[in-house]
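Asks: Any chance you could fold what I've pasted below:
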Amino acid sequence: MAADIVLKGMTWDDPRGYDPVAAAAAEFARLHPGVRIEWDRRSLQGFESTPVDELAATYDLMVIDHPHVGAVAGDGCLLPIDLHADPESLVRLEGETVGKSFASYRMAGRQWGLPIDVATQVQAIQPDLQPTPALRWDQVMDAARDGAVLWPLRPPHVLMSFFTLAANLGDPCAVTRGPLVGRRTGLAVLSALQALAELVDPACRKMDPIAALNALAESPRHRIIPLTYLYAPYAREGYRTHRIAFHDIAAIGTGGPIGSALGGTGIAVSARTAQPEICTRFAVWLASAEMQRGLFASHNGQPGNARAWGDPAVNAMVGNAYANTRLTHEAAWLRPRHKGYMGFQEAGSQIVLDAITGRTSYAAALDALDLRFIESFPE
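Replies: Numbering: from 1, shown residues only. Predicted structure coming up:
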C-alpha cells in the first residue's frame with residue numbers, strides 16, 4: 001500500500017551523508033506507518049554552496065551547513081525547530097552537544113536546525129606509515145619536507161585552514177563587522193600556509209577532504225593530512241585499502257588543539273512543508289542519543305550527539321576517532337554566520353589561495369580579506 005504521507009529530503013552525496021538518513025527513514029516509516037521519507041543527494045561542493053532557500057522550495061527536510069543560518073533566519077525559508085518540538089527535548093539535546101554544534105544552528109532567538117553530524121578540522125594519518133600523530137606544527141613541516149603530506153586546498157577548505165591557524169595562535173578571526181584578522185596574525189598564518197603549500201603536490205589545490213582522504217588511504221608514501229574535516233567512516237576496517245586514523249590537530253600556537261574551524265551538519269525543516277509536526281518529530285528523533293549511538297552510527301553516520309561520541313561501542317567501530325579528536329571538537333571555533341557570509345567564504349577562499357600560491361602579496365591579500373569581510377555585512 002502506498003504511504004499516505006511522502007516527505008522529500010535532501011542530503012549530500014557521500015556514505016556519511018546518505019546512508020544514516022536513509023536507514024533512519026526506513027525505521028521511521030516502520031514506527032510511523034503511512035509516512036515515507038525519500039532522500040535525494042547533492043555533491044559536497046553543492047552542499048557547501050547551494051542556498052538553502054532554493055532547497056526549501058522543493059524539500060521538506062534538509063541536511064544543512066550551519067554557516068547558512070544567517071541567511072535562512074532572515075529569509076524565513078526554514079521552520080524554527082522550537083515551534084513544534086517539545087522544549088524538554090531541545091534542552092536535553094543542547095546538554096548533549098559536542099562543543100558549539102547545537103549553538104551553531106541558533107540565531108535570532110530561534111533554533112533553525114539540530115546537529116546530527118559533528119566535524120571540525122582534525123589530523124588524519126595512515127597508521128601503517130605513521131603510528132603516532134604530529135603534536136606540533138613543526139612536525140607537520142618535517143613530514144612535508146619528506147614528501148609525506150597531503151592537504152585539501154580546494155575552496156572553501158583553504159580558508160578553513162586560515163581560520164584554524166589564526167584561532168590556534170590565540171587571535172581568532174572576527175565574527176562581527178570589522179577587519180577579519182589582526183595584521184600580525186594574518187601575516188603569520190599566510191606565511192605558515194604558504195610554507196606548507198610549497199611542499200605538497202599541486203594536485204592538493206583541487207582536493208576537498210574526501211579526495212585527500214581517498215588519496216591518503218591508497219598512497220604508499222603519504223602518511224599525514226594535518227588539517228582535514230573528520231570523516232569517521234575512513235577509520236572503519238575495510239572502508240578503503242588502508243584504514244585512516246584521526247587525531248587532534250597539531251598546534252602551531254601554545255594552547256594545544258584549540259580553534260579548529262567547526263563544520264558538521266544539521267537537520268532542518270522547510271517553512272513550506274505541509275507536515276511541520278511530523279518533520280520536526282523526525283528531526284528531534286534523528287538527533288537523539290538513542291538514534292545517534294545506534295542506527296545512525298552503525299550506518300556510516302558520524303554522530304552529532306555527545307552520548308554517541310562517548311560510547312565505547314561507537315568508538316570501537318571507527319578506531320576511537322571520536323575519543324581521539326574530542327578535545328579539538330570541544331575547543332573548535334564557530335565561523336561567522338551572518339547573511340552575506342557565504343559570499344565572503346567563496347571570495348575569501350580564493351584570496352587566501354592566491355596569497356599562498358604566490359599570485360598576490362600577503363599585504364594585498366589581507367587588505368582584500370578585510371574589505372570583503374566588511375562588505376559582506378548588511379548595511
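Asks: what's the next secondary structure element after the lowest-mean-pLDDT helix or strand in the chain?
Replies: Ranked by mean pLDDT, DSSP states H and E, the weakest helix or strand in the chain is helix 44-49, scoring a mean of 64. Counting by DSSP states H and E, the element after helix 44-49 in chain order, helix or strand, is helix 52-56.
Asks: counting contacts, what elements does that next one pack onto?
Replies: strand 61-64, helix 69-75, strand 265-270 (3 or more CB pairs under 8 Å, 6 or more residues apart in numbering; DSSP states H and E). For glycine as for every other residue, the C-beta is placed from the backbone atoms N, C-alpha and C.
Asks: Please determine how far the most centrally placed residue in the chain is located from Asp13.
Replies: Centroid check for the chain by CA atoms, centre = their mean gives Gly263 as the closest residue, at 2.3 Å. Per CB to CB, to the nearest Å, Gly263 is found 17 Å from Asp13.
Asks: what does His329 give?
Replies: For His329, the distance to Asp13 - CB to CB - is 24 Å.
Asks: The two - which one has more neighbours?
Replies: Between His329 and Asp13, counted using other CB atoms under 10 Å, His329 has the larger neighbour count: 26 against 15.
Asks: Shouldn't the more buried one be within a helix?
Replies: Yes. Assessed by DSSP: H, G, I helix; E, B strand; the rest coil, His329 belongs to a helix.
Asks: Wait, it touches Gly99, no?
Replies: Yes. Shown here, His329 and Gly99 form a contact pair, counting by CB atoms under 8 Å, at 5.1 Å.
Asks: shared neighbours of these two, which are they?
Replies: Here His329 and Gly99 have Val118, Thr120, Leu262 as joint contacts, going by CB atoms under 8 Å, 6 or more residues apart in numbering.
Asks: Before we move on, what's the pLDDT of the last one?
Replies: Pointing back at Leu262 there. Predicted confidence (pLDDT) for Leu262: 98.
Asks: try Ala363
Replies: You'll see Ala363 listed with a pLDDT of 98.
Asks: what about it, how many residues close to it?
Replies: Ala363: 13 neighbours (other CB under 10 Å).
Asks: secondary structure element for Pro179?
Replies: Using DSSP H and E, no helix or strand contains Pro179.
Asks: Nearest spatial neighbour of it, chain-adjacent residues omitted?
Replies: Asp370 (4.4 Å; CB to CB, 6 or more residues apart in numbering).
Asks: From the shared contacts of His329 and Gly99, which land in helices?
Replies: Judged by DSSP state H, the shared contacts of His329 and Gly99 include no members of helices.
Asks: Domain map for the chain?
Replies: Residue ranges for the domains of the chain, per automatic domain parsing: 5-118+263-323, 121-261+340-375.
Asks: Indicate which one of these is closest to Leu334.
Replies: Leu334 lies closest, by CB to CB, to one member of these: domain 5-118+263-323, at 4.7 Å.
Asks: distance between the closest one and the chain's centre?
Replies: Centroid separation for domain 5-118+263-323 versus its chain: 13 Å, with CA atoms, centre = their mean, to the nearest Å.
Asks: what would the domains of the chain look like in JSON lines with distance to Leu334?
Replies: Below are the domains of the chain laid out as JSON lines (distance: least, CB to CB, whole Å):
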{"stretch": "domain 5-118+263-323", "distance to Leu334": "5"}
{"stretch": "domain 121-261+340-375", "distance to Leu334": "7"}
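Asks: where do the strands sit along the stretch 101-250 of the chain?
Replies: 106-107, 110-111, 114-117, 121-125, 224-229, 245-247 (DSSP state E, counting those that start in this stretch).
Asks: Present those as TSV; the columns should include distance to Pro155 and mean neighbour count.
Replies: As requested, these are exported to TSV (distance: least, CB to CB, whole Å; neighbours: other CB atoms under 10 Å):
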stretch	distance to Pro155	mean neighbour count
strand 106-107	24	20
strand 110-111	29	18
strand 114-117	21	28
strand 121-125	15	27
strand 224-229	14	27
strand 245-247	23	24
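Asks: Which one, of those strands, ends up nearest to Ala355?
Replies: Across the strands of the stretch 101-250 of the chain, closest to Ala355 is strand 224-229 (CB to CB), at 16.6 Å.
Asks: tell me which strands and helices the closest one is in contact with?
Replies: strand 121-125, helix 137-145, helix 157-168, helix 209-218.
Asks: The same query, at a cut-off of 6 Å, please.
Replies: When contacts are defined as 3 or more CB pairs under 6 Å, 6 or more residues apart in numbering; DSSP states H and E, strand 224-229 packs onto strand 121-125, helix 209-218.
Asks: List the contacts of the closest residue to Phe344 other than its chain neighbours.
Replies: Closest residue in space to Phe344, ignoring its immediate chain neighbours: Ser376 at 3.9 Å, by CB to CB, 6+ apart. Ser376 is in contact with Gly340, Tyr341, Gly343, Phe344, counting by CB atoms under 6 Å, 6 or more residues apart in numbering.
Asks: Now, of those residues, which are buried?
Replies: Neighbour-count burial (16 or more other CB atoms under 10 Å) is assigned, among those, to Gly340, Tyr341, Phe344.
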